[in-house]
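Participant: Give me a model of this one.
(one chain, ligands or ions: 1)
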Amino acid sequence: MKYCSKCGTKLIMKKNWIDGLVPYCPRCQQFRFIKFSSAISAIIFNPQKDKVLLLKQYGNPSSATLIQTKMLSRR
Ligand SMILES: [Zn+2]
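Facilitator: Here you go, the predicted structure:
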């Protein structure tokens, strides 16, 4: 990230007391942290660990899906 996402001013690196050097907008006088999407994945087993939880997809009752993905956006 080289420019401020709010005003377009070139960012400088400034020391943040928690995160160390962080991109900083001298015009907005705010740190500009890199935005990233978060995700998790998990497989759910029964206590004996010989079965996994499958999901049935809406509109397709004959199939079961082991993995379901969903992307979340901040905007
Ligand atoms: Zn700015």
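Participant: neighbours of K2, just the number please.
Facilitator: Applying other CB atoms under 10 Å, we find 6 residues neighbouring K2. The C-beta positions use only the backbone N, C-alpha and C, and glycine is treated the same way.
Participant: That one: what's it in contact with?
Facilitator: Applying CB atoms under 8 Å, 6 or more residues apart in numbering, we find K2 in contact with K10, L11, P23.
Participant: Buried ones among those?
Facilitator: With burial judged by 16 or more other CB atoms under 10 Å, the buried subset of these is L11, P23.
Participant: Turn the contacts of K2 into JSON lines, including secondary structure.
Facilitator: Output for those, formatted as JSON lines (DSSP: H, G, I helix; E, B strand; the rest coil):
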{"residue": "K10", "secondary structure": "strand"}
{"residue": "L11", "secondary structure": "coil"}
{"residue": "P23", "secondary structure": "strand"}
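Participant: what's the closest of the contacts of K2 to the ion?
Facilitator: L11 (8.0 Å; CB to the ion).
Participant: who are the neighbours in contact with the nearest residue to the closest one once chain neighbours are set aside?
Facilitator: Leaving out its chain neighbours, the residue that sits closest to L11 by CB to CB, 6 or more residues apart in numbering is P23, at 4.1 Å. Taking CB under 8 Å, 6+ apart as the criterion, P23 is in contact with M1, K2, L11, I12, M13, K14, F31, R32, F33, I34.
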